[in-house]
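> I would like to see how this sequence folds:
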Amino acid sequence: MAARSPEMARHVALDHGPELVAEVEKLRGACKTLGGVVEGQCRMALDASGLHHLIDEDGDGDWGLVWERLAELGTDNERLRAIVERVRELAENPATYSGTGVVAVKPERIIAALEAGHD
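Here you go, the predicted model:
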């Protein structure tokens, strides 16, 4: 591709200057929006992790640990959902239904279901 002369470059800039300025402003706005989204997600991750002491006022700190903790919370959440499901299965078992609308599950069975979640 042949290099443009400085005079040709000036003409191109003058001809397309308003379009280029508008495009730059559009991109700046998009970057600002994206930056706000990322900042919001980082704050949510920080709040969920509870590791505020690792990040300073300017946002500098050990974000790697924050994201690792967030991943662990997902694993914890799955484990807890499985425990709740096991307790629900106990409660829905006809052998535990008294006919009075009260579910009678021996505490030992609930404890066993909860402990099974620690595997």
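> domain ranges for this structure?
Domains of the chain are assigned by automatic domain parsing as 1-49, 70-119.
> what is the mean pLDDT for the longest one?
Just to be clear, that refers to domain 70-119. Across domain 70-119, the average pLDDT comes to 73.
> quick one, strands of the chain?
Read by DSSP state E, the chain holds no strands at all.
> thinking again about what came up before, save the domains of the chain as JSON lines, and put in mean neighbour count too.
From N, CA and C alone the C-beta is placed, and that goes for glycine too. Listed next are the domains of the chain as JSON lines, based on neighbours: other C-beta atoms under 10 Å:
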{"stretch": "domain 1-49", "mean neighbour count": "11"}
{"stretch": "domain 70-119", "mean neighbour count": "11"}
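> these: which one's closest to residue 57?
With C-beta to C-beta as the criterion, residue 57 lies closest to domain 1-49 of the domains of the chain, at 12.2 Å.
> residue 68: what's it in contact with?
Not one residue lies near residue 68 by C-beta atoms under 8 Å, 6 or more residues apart in numbering.
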